[in-house]
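**Student:** Below are the sequence and a predicted model for it; my questions follow.
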Amino acid sequence: MKPTAPALRSSAARLALWYLLILVLGVGALLTGVYWATERTLLVEADRVVEAERQALSENYDDGGTARLIMVLNRRSDDWGRLGAVYLLADAQGVRMAGNLAAWPEDVQRSGDWLEFELDARDNGVSTPHLVRARVFPIGDHQLLIGNDMSEQQRLVARLRAATLWGSGLTMALVALVGWWYSRRVAGRVQAVAHASEAIISGDLSQRLPRNGSGDEFDQLTMTVNHMLDRVEHQTTVLRTTFGSAAHDLRTPLQRIRARLDSLLPVDEPTASRTAPLHEAVSDLDRIQRTLSTLLQIANAESGVAHQLQPLDLVQLARELIELYAPVARARRITLEVDGDEAVEITGNRQLLAQLLVNLIENAIKYSPDDGGITVRVTRDRGGALLEVRDQGRGIPEALRNAALLPFRRLESEPQVPGSGLGLSLVAAVVRLHGGRLQLDDNAPGLIVRCEFPAGAP
Amino acid sequence: MHATPAVHRMQILLIEDDRETATYLVNGLRQEGYAVQHCADGRDGLFAAIESAFDLLIIDRMLPHLDGLSIISLLRQKDIRSPVLVLSALGTVDERVAGLQAGGDDYLIKPFAFSELLARVQALLRRTPGEGRSGSVVRVADLELNLLSRRATRDGREIALTNREFQLLEFLMRRVGQVVTRTMLLESVWDLHFDPQTNLIDVHISRLRQAIDRDFDRPLLHTVRGAGYVIREPAAG
């Protein structure tokens, strides 16, 4: 009942989470694509340059032989040559003939036709390893290695990679933050509505759902619900006033009848047969009054008017009432006992709960066979309480159980048992007022009436 | 100790708008020896209550011009402390609580028997001087309750009582000579403000009677037909 659902059960949080996932996937795919394309482009470009060089150098070789090639290579290795170019001309035995490499490279990694190796180069007087990507071409009897210093590209790619990771991470964090804020906001409003609704459910019909005046969909919904509550409150007020006046208008004439009967009853001859009808009329009057009281109590409990609630021990209350009924039960040799936990505290209206228990115990005694057993069981149940009254009477056939809870519904097979047919209705109304659930079950033989009261109810 | 002095007749103010009920109550109470003044209107009733001191006020809740609970609140604000018995057609538990919170001392739901009203009137009138009698021993004739040790003895012999029987007996003994109704017992001893259908109190009283009167010649606990029960000092001799 309390709106303190775990974060992931909030629909707003779930929505935000999906949103985050999709966005991160999208941004991730985009940045990875850019990264990958850039890396490829740089590589292809470098390879193209090497291929162009090879063609130029092999033309030079064709034109002027080895000498010309060495000359061109030496010239190109000078400062004004291509930046980052790496050349090495070696004879068939791998002995260096020309180029800007001191010797044939060691620790070479092959990737297809390409070689990759590291070279120590001097940058501002510090020796750092540079990655070189090169290809070896046979030219005449010689081996010509043409390559590129890839460190510049590598740096670029590294920066790009960092940007990709940071970009994705930041996006993720930002979206998560916005999602968290949004779901908090939605949850906050839902919680406010839930709190107000709870107050209304527990009987304060004058409560309205809080509006924030923004006119958004929440606000519109709130407005509609508030309109609905206006109507409910109006109807309840009408109903209560009607019941109030009905009570007054019925009880006052009943009082007069009672007064007249009282004045007719002689004080000193109590058992004269002449006055017997008068005594019967008085007990009829008492019965009418009781029925009226019960009806009003049901109406009152059902109308959701705020009742005085207090913490109370249901076990203690059950014990007191069991003790009250013990002599009556004993007269018919019915065992009447309380069972269950030591103390079960709930928040409720003592008088109404006592009335509930009295009705159930009276019913149980009424329908129990002599020598039967009645158990009132009170146990703690998920923070709330479970109250069970079991008898060994006839029980109620399953098909009739729902109808048995309605006012004036009595089982047609037993017109001889006295009662108004309101007992279980009042029980149902009291359970409902406490936010609980009522269930009738089979005790084989007999009836189990099971009342569940929620934690912290109502 | 508890005999009403004949010189001073108890003054009762009845504020009730239903003429027939009022006549019935006024006649009944006068027959019992009380001096009764009647007002049929809330405002008149309030003025009457302020004007002269009454020993007891009986006020209906629904009255023309000024409702019963407002009268009580106004009187209590003026520091008029006479006990008030509220009569009402509104019978729910919370209405009763509202009546008592406004300053009423007892609450009676219509329709009621005159005997019920009378018993409550007597209880309220008796209460004023004797309230808070706090001795640790309550005694009627040779029956004695020790409230500290929770022991009951009659003629020096110990009587075994359950807790509830002890409470019941204490309630009756503290009102010796005064009729106590079943409803009053349910309210005070069991804290139940509704009438269970079974006649439970009779059963409990008969068990109590077994315990305190069976072995003795002179019974103390009596049934008053159509009204309730009373514990009486046996007539001397």
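**Tutor:** Yes, it's here.
**Student:** contacts, neighbours, all on C-alpha from now
**Tutor:** Noted.
**Student:** any idea how far residue A:136 lies from chain B?
**Tutor:** Shown here: residue A:136 relative to chain B, a distance of 103 Å by CA to the nearest CA, to the nearest Å.
**Student:** now residue A:173: how far from residue A:229?
**Tutor:** 42 Å (CA to CA, to the nearest Å).
**Student:** Also residue A:379?
**Tutor:** Here the criterion is CA to CA. By it, residue A:379 lies 36 Å from residue A:229.
**Student:** re the thing from before, neighbour count for residue A:173 and residue A:229, which is higher?
**Tutor:** Counting neighbours by other CA atoms under 10 Å in any protein chain shown for residue A:173 and for residue A:229 shows that residue A:229 has the greater number, 18 against 14.
**Student:** can you confirm that one is in a helix?
**Tutor:** Yes - counting by DSSP: H, G, I helix; E, B strand; the rest coil, residue A:229 is located in a helix.
**Student:** From chain B, how far off is it?
**Tutor:** The spacing between residue A:229 and chain B, counted by CA to the nearest CA, is 24 Å.
**Student:** which residues touch that residue?
**Tutor:** Under the criterion of CA atoms under 8 Å, 6 or more residues apart in numbering or on different chains, the contact list for residue A:229 reads A:205, A:208.
**Student:** ok, for residue 192, nearest residue in space, not its chain neighbours?
**Tutor:** Looking at chain A here, since you left the chain open. Using CA to CA, 6 or more residues apart in numbering or on different chains and skipping residues adjacent in sequence, the residue nearest residue A:192 is residue A:210, 6.9 Å away.
**Student:** nope, chain B please
**Tutor:** If you skip the residues right next to it in sequence, residue B:192 has residue B:186 as its closest partner in space, 5.4 Å away by CA to CA, 6+ apart.
**Student:** same question, residue B:83
**Tutor:** Residue B:83 sits nearest to residue B:56 (CA to CA, 6+ apart), 5.2 Å away.
**Student:** Residue B:102 now?
**Tutor:** Closest residue in space to residue B:102, ignoring its immediate chain neighbours: residue B:73 at 5.6 Å, by CA to CA, 6+ apart.
**Student:** Using the three-state scheme, assign that neighbour.
**Tutor:** Three-state secondary structure (criterion: three-state DSSP) places residue B:73 in helix.
**Student:** Need the per-residue pLDDT for it.
**Tutor:** Per-residue pLDDT puts residue B:73 at 94.
**Student:** Run through the helices of the chain in chain order.
**Tutor:** Using chain A. A:11-77, A:151-201, A:217-264, A:276-302, A:314-331, A:350-367, A:401-404, A:423-433 (DSSP state H).
**Student:** hmm, I had chain B in mind actually
**Tutor:** With helices called from DSSP H, chain B shows them at B:19-31, B:42-51, B:68-77, B:93-101, B:114-130, B:163-174, B:182-189, B:200-213.
**Student:** I would like the residues contacting the first one, please.
**Tutor:** Around helix B:19-31, the neighbours that count as contacts under CA under 8 Å, 6+ apart are A:255, A:256, A:259, B:14, B:16, B:35, B:36, B:37, B:38, B:40, B:114, B:118.
**Student:** Which of the residues you listed has the largest number of neighbours?
**Tutor:** Going through those with other CA under 10 Å as the criterion, the one with the most neighbours is residue B:16, at 26 neighbours.
**Student:** Pretty sure it sits against residue B:38.
**Tutor:** Yes - checked against CA atoms under 8 Å, the pair residue B:16 and residue B:38 is within contact range at 7.5 Å.
**Student:** Domain ranges for the chain, per the record?
**Tutor:** Going with chain A. With domains defined by automatic domain parsing, chain A comprises A:12-158, A:217-302, A:310-453.
**Student:** oops, I was thinking of chain B
**Tutor:** The record, using automatic domain parsing to delimit domains, assigns chain B the ranges B:11-130, B:137-231.
**Student:** out of these, deepest packed?
**Tutor:** domain B:11-130 (a mean of 19; mean count of other CA atoms under 10 Å in any protein chain shown).
**Student:** So the residue lying closest to residue B:203 once chain neighbours are set aside versus residue A:109, what's the distance?
**Tutor:** The spatial neighbour of residue B:203 that comes closest, neighbours along the chain excluded (CA to CA, 6+ apart), is residue A:327 at 6.6 Å. From residue A:327 across to residue A:109, the span is 102 Å (CA to CA).
**Student:** Quick one: mean pLDDT for stretch B:193-207?
**Tutor:** For stretch B:193-207, the mean per-residue pLDDT is 84.
**Student:** An error on my part: the question was meant for stretch A:229-245.
**Tutor:** When pLDDT is averaged along stretch A:229-245, the result is 81.
**Student:** Let's see it as CSV, backbone CA atoms only.
**Tutor:** These are the backbone C-alpha positions of stretch A:229-245, laid out as CSV (Å, rounded to 0.1, in the frame of the first residue of the first chain):
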residue,chain,number,x,y,z
LEU,A,229,-13.9,13.2,-5.0
ASP,A,230,-16.1,16.2,-4.8
ARG,A,231,-19.0,14.1,-6.0
VAL,A,232,-18.1,11.2,-3.7
GLU,A,233,-17.9,13.6,-0.7
HIS,A,234,-21.2,15.2,-1.6
GLN,A,235,-22.9,11.8,-1.9
THR,A,236,-21.4,10.6,1.4
THR,A,237,-22.5,13.7,3.1
VAL,A,238,-26.1,13.3,1.8
LEU,A,239,-26.0,9.6,2.8
ARG,A,240,-24.7,10.4,6.3
THR,A,241,-27.2,13.2,6.9
THR,A,242,-30.0,11.0,5.7
PHE,A,243,-28.9,8.2,8.0
GLY,A,244,-28.5,10.7,10.9
SER,A,245,-32.0,12.1,10.4
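**Student:** what about stretch B:155-172, start to end distance?
**Tutor:** Distance between the boundary residues of stretch B:155-172 (CA to CA) amounts to 18 Å.
**Student:** do it and chain A meet?
**Tutor:** No - using CA under 8 Å from any CA of the partner chain, no contact is recorded between stretch B:155-172 and chain A, whose separation bottoms out at 8.6 Å.
**Student:** Run the chain-centre distance for that stretch.
**Tutor:** When distances are taken as CA atoms, centre = their mean, to the nearest Å, stretch B:155-172 is centred 21 Å away from the chain's centroid.
**Student:** pLDDT on it, on average?
**Tutor:** The average of the pLDDT scores along stretch B:155-172 is 93.
**Student:** OK, contacts around the residue nearest to residue B:83?
**Tutor:** Residues near residue B:56 by CA under 8 Å, 6+ apart: B:11, B:12, B:13, B:82, B:83, B:84, B:85, B:121, B:124, B:125.
**Student:** Show the contacting residues for the first one.
**Tutor:** It refers to residue B:11. Shown in contact with residue B:11 (CA under 8 Å, 6+ apart): B:34, B:35, B:36, B:37, B:54, B:55, B:56.
**Student:** Among those, which are located in strands?
**Tutor:** B:35, B:36, B:37, B:56 (DSSP state E).
**Student:** so what's residue A:116 up against?
**Tutor:** A:108, A:109, A:110, A:131, A:132, A:133, A:134.
**Student:** out of everything not next to it in sequence, what's closest to the last one?
**Tutor:** So the one you mean is residue A:134. Once flanking residues are discounted, residue A:134 sits nearest to residue A:147: 3.6 Å by CA to CA, 6+ apart.
**Student:** Tell me if I'm right that the one you found and residue A:89 touch.
**Tutor:** No - Residue A:147 is not in contact with residue A:89 according to CA under 8 Å; the separation is 11.8 Å.
**Student:** any idea how far the closest residue to chain B within the stretch 351-458 of chain A lies from residue A:358?
**Tutor:** Each residue of the stretch 351-458 of chain A has a distance to chain B, by CA to the nearest CA, and the smallest belongs to residue A:351, at 6.5 Å. With distances defined as CA to CA, the gap from residue A:351 to residue A:358 amounts to 10 Å.
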